[in-house]
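Trainee: build me a model from this:
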Amino acid sequence: MTGTPERRRDLELRKQIDDAYELIAPFFEPSGHWAGHPQDLLAYRTLRDHLPALDAARAHLIVAVARRIHDERKART
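Mentor: Residues are numbered from 1 along each chain as shown. You can find the predicted model right below:
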């Protein structure tokens, strides 16, 4: 680890995103699209099924951030 200070303010949210990403990343893959449309709604539902304590706004935020992470990783490859 470098000497760079941690910029994130909500470390609990970061952990939730990291945990959720593994669970919902397959819904963002092109092979998982249905009629050319991504399955973000199914990612959201899966997340809510596995983490029922999440409120709707937090679940939506996690899916949106996971989508962005996925898209950025794909753009680099």
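
Trainee: once you drop chain neighbours, what's closest to the most centrally placed residue in the chain?
Mentor: Centroid-nearest residue in the chain: A66, 2.3 Å away (criterion: Cα atoms, centre = their mean). Take A66 and drop its neighbours on the chain: the residue closest to it by Cβ to Cβ, 6 or more residues apart in numbering is Y21, 4.9 Å away. The way it works is simple: take the backbone N, C-alpha and C, and place the C-beta from them, glycine included.

Trainee: tell me who's in contact with the one you found.
Mentor: When contacts are counted by Cβ atoms under 8 Å, 6 or more residues apart in numbering, Y21 touches 66, 69-70.

Trainee: show me what the helix ranked longest in the chain is packed against.
Mentor: Longest among the helix segments of the chain by residue count, using DSSP state H, is helix 56-76. In terms of contacts (3 or more Cβ pairs under 8 Å, 6 or more residues apart in numbering; DSSP states H and E), helix 56-76 is packed against helix 11-24, helix 40-50.

Trainee: how about the longest one: buried residues?
Mentor: Pointing back at helix 11-24 there. Judged by neighbour count using 16 or more other Cβ atoms under 10 Å, the buried positions of helix 11-24 are 16-17, 20-21, 23-24.

Trainee: again with the last one
Mentor: Residues of helix 40-50 classed as buried: 40, 43-44, 46-48 (neighbour count, 16+ other Cβ under 10 Å).

Trainee: between it and helix 56-76, how many degrees?
Mentor: Relative orientation of helix 40-50 and helix 56-76, computed by axes from the mean of the first three to the mean of the last three Cα atoms, to 10 degrees: 130 degrees.

Trainee: tell me what helix 40-50 is packed against?
Mentor: Packed on helix 40-50, when contacts are counted by 3+ Cβ pairs under 8 Å, 6+ apart, are helix 11-24, helix 56-76.

Trainee: now distance to A35 too, for those, in CSV please.
Mentor: Rendered in CSV, the data for the helices and strands packed on helix 40-50 read as follows (distance: least, Cβ to Cβ, whole Å):
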stretch, distance to A35
helix 11-24, 20
helix 56-76, 18
